[in-house]
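[1] give me a model of this one.
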Amino acid sequence: MSETDGVHTDFVRSHTRPRPVPFIPEVTLHQADEVIALWESTEAGGTGEQPPPFWAFAWAGGQALARFVLDHPALVAGRTVLDLATGSGLVAVAAARAGAARVTANDIDPLSLAAAAANATANDVDLSLFEGDLLDSDQHHDVILAGDVCYSRAMTARVLPFLRRAAGRGSLVLLGDPGRAYLPAGLTERAAYDVPVAESLESVPIRHTKVWEVTA
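    Take a look at the predicted model:
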């Protein structure tokens, strides 16, 4: 681990505390208690504008995907898995616990990958970490999981072609989403859950959240 990675890990551990995710009690996650204070600390500790601290919370789409994978482990068991825009690493951890042969947690935010590494350790699983933008690539993974990635028009416009290309190459592509404004049409519903969420983040205590399969 590099010195920079150590700084990121220290930041994650000092601003969160490990506790079970209520909807996925099998998984322990380093979670923050308050979003505004954390965001201010993230900005103060970085250089320039920092990404929102998506890594510090269990978002609804990720929770739904993690629950679905843990309840249907045959989807990932013995297979290679990419958790795209991993955030906290919750979905990646769930895939590893469900028996995936190799799980890659990907994000553009080094704090996210530090959180994913800390959460992998907390749950005694192994993850491969990849920092960078994969959306213009054609990497192959048996399964691609993406939670809460349709939060903006621009993000959806980039991520959907990547997911559809992957499905066209034979990957199982699953998307977790709580009805965000930019969720595309033409997806196949695989499951639906009422997911408890932080009201300070979502303005409601429960989000009706679906797992969708993306096809070519």
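
[2] now the residue nearest the centre of the chain. Nearest residue, chain neighbours left out?
    What sits nearest the mean C-alpha location of the chain, by CA atoms, centre = their mean, is Thr86, with 3.3 Å. Of all residues not flanking Thr86 in the chain, Ala105 sits nearest, at 4.0 Å (CB to CB, 6 or more residues apart in numbering). C-beta here means a position set from N, CA and C on the backbone, and glycine is covered the same way.

[3] does the one you found touch Gly87 like I think?
    No - counting by CB atoms under 8 Å, Ala105 stays clear of Gly87, with 9.0 Å between them.

[4] between these two, who's got more neighbours?
    Neighbour count, other CB atoms under 10 Å: between Ala105 and Gly87, Ala105 has more, with 31 against 27.

[5] from Pro20, how far out is that one?
    Going from Ala105 to Pro20 by CB to CB, to the nearest Å gives 20 Å.

[6] and if you look at Gln139?
    32 Å.

[7] got it, and Arg79?
    Applying CB to CB to Arg79 and Pro20 gives a distance of 26 Å.

[8] have a look at the two and say which one is more surrounded.
    Set side by side, Arg79 and Pro20 show more neighbours around Arg79, with 19 against 13, by other CB under 10 Å.

[9] buried stuff in stretch 65-83?
    Neighbour counts using 16 or more other CB atoms under 10 Å place 65-70, 75-76, 79-83 of stretch 65-83 among the buried residues.

[10] select from these every entry located in strands.
    80-83 (DSSP state E).

[11] quick one: which two of those are the most distant?
    Thr80 and Asp83 (11.3 Å; CB to CB).

[12] which neighbours do those two share?
    Among the neighbours of Thr80, those also in contact with Asp83 (CB atoms under 8 Å, 6 or more residues apart in numbering) are 103-104.

[13] returning to what we had before: out of the buried residues of stretch 65-83, who's nearest Asp33?
    Ala66 (20.8 Å).
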